[in-house]
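1. Predicted model follows, preceded by the sequence.
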Amino acid sequence: MVKRILIYIIYCIVTFCLATECFASRDVVNEEDSPFYFDATSDSTAEVVLYKSCKQLGASLIIPEKISIGSKIYKVTGLGQFVFSFCEDLTSVAIPPSVTSIGEGAFDHCTNLTNITIPPSVTSIGEGAFDHCTNLTNITIPPSVTSIEDGTFRYCTNLTSITIPPSVTSIGEWAFSSCKRIKQINIPIHVASIAESAFNWCDSMEEINVDNDNSTYTSINGVLFNKTKTIILKIPNAKGGSFVIPSSVTAIEIGAFMGCSRITNITIPDSVTTIGDYAFCRCSGLTNITIPSNVTSIGHSAFSDCSGLSSITIPPSVSFIGISAFSGCKGLTSVLIPNSVTSINHGTFNGCERLAYFTIPSSVTTIKGFAFCDCNGLTNIIIPSSVTSIGKGAFRDCTNLRVNVNNSRNKVQVGEKAFYKCKSVKWVKPER
């Protein structure tokens, strides 16, 4: 911990010295001669709000420390919202030590930006500030910043190194999403909030390491957990092979394994009761998983696009299966649904094109929209008399399917194109 603080102190001193050398010799810039437009934020401060043209900015940009507007001199303290967004010719930016804030989307889609030093004076960096800076390779967040906002470094696809200071307490949604070359990230001591999607689609991520003194989070072999290890939060996308969830875990968080395409087998302990939304989404290499007998709910899209799964048994403890829970599981051939389930949700098996065997239990009362859409492998299905509602497109484009409904047509509410392109639909009971 002491070592990290010393590193940041040295960083501050070096950055300040470089910035002072860069900016001290510059005269005050007149707004009329500048490639920028400014807005006064007080009697003595201003922020850059607009550039006059991307071409006028050039490739290397030096933002002035002071600006004269009319007869008054202002210190430049901020970079406004989207101020340099889509300036694709920019390769480097020098920010003066007077700047304290970088606005939302300030460098959004500056796709050729490779070099930027954020001075230690900066205390806030807005949402999406460096979104889609696809050639940025490394960045150090200054030690005065307390929050990494939503999407700040999203789609920085060449970013290989990121340093998060001990001052940071929160990491927002999609903060580092699709940073495909980052292999490791270190969570410092004071971080108390990490959004579920913060590290989504970081394909090369091998380790998420947490400071031992952090009171909210911990890590085991580079996997992120809550401090008590009862919730598994995020498995780095580069993990592969078999994975055993510790027996202390009771819940699998939203998107915990999402995009872990190299994992082939997951062992879930009996202690787990909840599988969150998108928990195993796009685990395309997953071939084997057993849902333990204490699980009560399976979240929305929990297993969507797990194209390697061939069969799955849902235990009788499960009473809720979320929207699109198994959609796009193209290798799935059979599923067993327990009598504890009363509703087959929207798009639950949508696109399970090899699903050949399915029994709807007599506990089910509702089959929602597009539940079995595009299940071309289904040839026969019996809808029990307990079902009173069949949603829009529920069996749409099941081109090989013969449906037998154990009820009369007037007893069941049927949505638009529920059986569109099915081979046949037979209502067993006559209308009354």
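-> Arrived safely, thanks for sending. Every value quoted in this text rests on a predicted model; they were computed, and no experiment measured them. Numbers count the residues shown, from 1 in each chain.
2. tell me the contacts of the closest residue in space to residue 135 that isn't next to it in sequence?
-> Closest residue to residue 135 apart from its sequence neighbours, by CB to CB, 6 or more residues apart in numbering: residue 114 at 5.0 Å. Quick note: C-beta positions are derived from backbone N, CA and C, even for glycine. By CB atoms under 8 Å, 6 or more residues apart in numbering, the contact set of residue 114 is 91-92, 135-137.
3. List the buried residues in whichever strand or helix holds residue 37.
-> In the assignment (DSSP states H and E), residue 37 maps to strand 36-40. The neighbour-count check on strand 36-40 (16 or more other CB atoms under 10 Å) flags 36, 38 as buried.
4. Just checking: what are the partner strands of it?
-> Strands that pair with strand 36-40, judged by DSSP bridges, come out as strand 45-51 (antiparallel).
5. re earlier: just the buried ones from the contacts of residue 114?
-> Of the contacts of residue 114, these count as buried by 16+ other CB under 10 Å: 91, 136.
6. now the contacts of residue 114 as JSON lines including distance to residue 71?
-> Below are the contacts of residue 114 laid out as JSON lines (distance: CB to CB, whole Å):
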{"residue": "91", "distance to residue 71": "35"}
{"residue": "92", "distance to residue 71": "33"}
{"residue": "135", "distance to residue 71": "41"}
{"residue": "136", "distance to residue 71": "39"}
{"residue": "137", "distance to residue 71": "43"}
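7. Including pLDDT, secondary structure and distance to residue 175, could the contacts of residue 114 go into JSON lines?
-> Putting the contacts of residue 114 into JSON lines (pLDDT from 0 to 100; DSSP: H, G, I helix; E, B strand; the rest coil; distance: CB to CB, whole Å) gives the following:
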{"residue": "91", "pLDDT": "95", "secondary structure": "coil", "distance to residue 175": "24"}
{"residue": "92", "pLDDT": "95", "secondary structure": "strand", "distance to residue 175": "23"}
{"residue": "135", "pLDDT": "97", "secondary structure": "coil", "distance to residue 175": "19"}
{"residue": "136", "pLDDT": "96", "secondary structure": "coil", "distance to residue 175": "14"}
{"residue": "137", "pLDDT": "94", "secondary structure": "coil", "distance to residue 175": "18"}
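8. ok, so of the contacts of residue 114, who is nearest residue 385?
-> residue 136 (61.1 Å; CB to CB).
9. Wait, that closest one touches residue 159, no?
-> Yes - between residue 136 and residue 159 there is a contact at 5.6 Å, judged by CB atoms under 8 Å.
10. Give me the three-state assignment for the residue nearest to residue 119 when sequence neighbours are not counted.
-> Taking CB to CB, 6+ apart, and ignoring the residues beside it in sequence, residue 119 has residue 97 as its nearest neighbour in space, at 4.6 Å. Three-state assignment for residue 97 (DSSP: H, G, I helix; E, B strand; the rest coil): coil.
11. is it true that residue 97 touches residue 122?
-> No - taking contacts as CB under 8 Å, residue 97 lies outside contact range of residue 122: 9.2 Å.
12. and the strand holding residue 37, average pLDDT?
-> Averaged over strand 36-40, pLDDT sits at 88.
13. distance between that strand and the chain's centre?
-> 35 Å (CA atoms, centre = their mean, to the nearest Å).
14. Over to stretch 348-361?
-> 28 Å.
15. And for stretch 323-340?
-> On CA atoms, centre = their mean, the centre of stretch 323-340 falls 24 Å from that of its chain.
16. distance between the ends of that stretch?
-> This stretch, stretch 323-340, spans 17 Å end to end (CA to CA, to the nearest Å).
17. And that stretch, what's buried?
-> Those would be 323-333, 335, 337, for stretch 323-340 by 16+ other CB under 10 Å.
18. repeat for stretch 100-120
-> Neighbour-count burial for stretch 100-120 [16+ other CB under 10 Å]: 100-111, 113, 116-120.
19. Same question for stretch 313-325.
-> 314, 318, 321-325.
20. what sits up against it?
-> Contacts to stretch 313-325, defined as CB under 8 Å, 6+ apart, come from residues 277, 290-304, 335-348, 350.
21. how about a cut-off of 7 Å?
-> 277, 291-304, 336-341, 345-348, 350 (CB atoms under 7 Å, 6 or more residues apart in numbering).
22. Of the contacts of residue 114, which is the nearest to residue 33?
-> When the contacts of residue 114 are compared against residue 33 (criterion: CB to CB), the nearest one is residue 92, at 21.1 Å.
23. residues contacting residue 367?
-> Here residue 367 is in contact with 344, 387, 390-391, 394 (criterion: CB under 7 Å, 6+ apart).
24. rerun that using 8 Å as the cut-off
-> Residue 367 touches 343-344, 360, 383, 387, 389-391, 394, counting by CB under 8 Å, 6+ apart.
25. now the strands for the stretch 101-250 of the chain?
-> In the stretch 101-250 of the chain, the segments counted as strands under DSSP state E, counting those that start in this stretch are 101-102, 115-117, 124-125, 138-140, 147-148, 161-163, 170-171, 184-187, 193-194, 207-210, 217-220, 223-226, 231-234, 241-244.
26. Partner strands of the second one, with direction?
-> Counting by DSSP bridges, the strands paired with strand 115-117 are strand 92-94 (parallel).
27. same check, this time on the fifth one
-> Here strand 147-148 is paired, per DSSP bridges, with strand 170-171 (parallel).
28. cool, and the fourth one?
-> Within its sheet, strand 138-140 is paired with strand 161-163 (parallel), according to DSSP bridges.
29. which other residues reach the partner strand?
-> 137-141, 153, 176, 179, 182, 185.
30. Take the buried residues of stretch 313-325 and keep only those in helices.
-> Residues of the buried residues of stretch 313-325 located in helices (DSSP state H): none.
31. and those as JSON lines, adding distance to residue 198 and pLDDT?
-> JSON lines is the format used below for the buried residues of stretch 313-325 (distance: CB to CB, whole Å; pLDDT from 0 to 100):
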{"residue": "314", "distance to residue 198": "30", "pLDDT": "94"}
{"residue": "318", "distance to residue 198": "29", "pLDDT": "97"}
{"residue": "321", "distance to residue 198": "27", "pLDDT": "97"}
{"residue": "322", "distance to residue 198": "22", "pLDDT": "98"}
{"residue": "323", "distance to residue 198": "23", "pLDDT": "98"}
{"residue": "324", "distance to residue 198": "23", "pLDDT": "98"}
{"residue": "325", "distance to residue 198": "24", "pLDDT": "98"}
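32. Thanks again, I'm all set now.
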